[in-house]
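Student: Sequence unavailable; structure follows:
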């Protein structure tokens, strides 16, 4: 059964430049460009909320319908976020043909971490590779890949070669054994701070100097008394 694709409805964009882009963002609109083979790129604008909804659906392939044109299948090529505010600033889309294989980035998720013996033993599970490039027809690109880590022991390493590619999907990598998905390291041991020997030494020294000063003072007083006696 074919999946129902998300659709992003947009309006043509005719004003360009940084001032126009700032105005659009102030109106909660995102400027974008859709590329299509050798044809001229088309500029559009769409509500940020709608763009985030479509991109967050997990589907690599969705439809773009620019007002005045028919909907076309597209994939995300690039998105730009504000470095501080995380506001979506621009999106680049690529129109695709449904009968031609393309490359796409797919997220890798870990499953079964809470059951892993190494995790139960206090080990530290690290998710190393979070995305992988795949080749497939646009309609066959998986929403995500799942790596089962439930059997991992301490010092184990999980490679991409242990994940079975879905039917019709090929991992774009020279050596699947060279790509690490996750590692499980021994528990981190916190080192206890060393005694502040220097501080103690200084303190003792200061106390010693103070004691010496007191002794010197007493000796001086005794000497003065002796002189007076003469």
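Tutor: That came through, no problem. On a predicted model such as this, the values are computed, not experimentally measured, just so you know. Numbering: from 1, shown residues only.
Student: and the residue nearest to the spatial centre of the chain, what does it touch?
Tutor: Centroid check for the chain by Cα atoms, centre = their mean gives residue 130 as the closest residue, at 8.3 Å. With contact set as Cβ atoms under 8 Å, 6 or more residues apart in numbering, residue 130 has these partners: 107-108. C-betas here are computed from N, CA, C, even on glycine.
Student: got it, and the one 5 residues further on?
Tutor: For residue 135, the set of contacting residues under the criterion of Cβ under 8 Å, 6+ apart consists of 101-103, 169-170, 172.
Student: 7 Å instead, please
Tutor: Residues in contact with residue 135, defined by Cβ atoms under 7 Å, 6 or more residues apart in numbering, are 101, 103, 170, 172.
Student: now do residue 85
Tutor: Under the criterion of Cβ under 7 Å, 6+ apart, residue 85 has no neighbours.
Student: Which secondary structure state does it sit in?
Tutor: coil (DSSP: H, G, I helix; E, B strand; the rest coil).
Student: returning to that earlier point: ok, so what distance separates the residue nearest to the centre of the chain from residue 182?
Tutor: To residue 182, residue 130 is 10 Å away according to Cβ to Cβ, to the nearest Å.
Student: What of residue 147?
Tutor: 7 Å.
Student: likewise residue 61?
Tutor: From residue 61 to residue 182 the distance is 28 Å (Cβ to Cβ).
Student: And for residue 9?
Tutor: 39 Å.
Student: one step back: neighbour-wise, give me the winner out of the contacts of residue 135.
Tutor: Within the contacts of residue 135, residue 101 tops the neighbour count with 17 neighbours, counted by other Cβ atoms under 10 Å.
Student: Now do the helices in the protein.
Tutor: 18-26, 48-55, 117-120, 197-229 (DSSP state H).
Student: what's the average pLDDT for the second one?
Tutor: What it means is helix 48-55. Mean pLDDT, helix 48-55: 92.
Student: Any buried residues in it, and which?
Tutor: 48, 50-51, 54-55 (16 or more other Cβ atoms under 10 Å).
Student: What of stretch 19-36?
Tutor: Those buried within stretch 19-36 under the rule 16+ other Cβ under 10 Å are 21, 24-25, 29-34.
Student: Neighbour count for residue 9 and residue 182, which is higher?
Tutor: It is residue 182, of residue 9 and residue 182, that has more neighbours when counted by other Cβ under 10 Å, with 21 against 15.
Student: burial measure for the residue nearest to residue 94 when sequence neighbours are not counted, as a count.
Tutor: Nearest residue to residue 94, sequence neighbours excluded (Cβ to Cβ, 6 or more residues apart in numbering): residue 77, at 4.5 Å. By other Cβ under 10 Å, 15 other residues sit near residue 77.
Student: Residue 77 touches residue 93, doesn't it?
Tutor: Yes. In this structure, residue 77 is within contact of residue 93 by Cβ atoms under 7 Å, at 5.9 Å.
Student: Show me which helix or strand of the protein is least confident by mean pLDDT.
Tutor: Counting by mean pLDDT, DSSP states H and E, the chain has its least confident helix or strand at helix 197-229, which shows a mean of 51.
Student: got the contact list for the residue nearest to residue 94?
Tutor: Neighbours of residue 77 in contact, by Cβ under 7 Å, 6+ apart: 35, 92-94.
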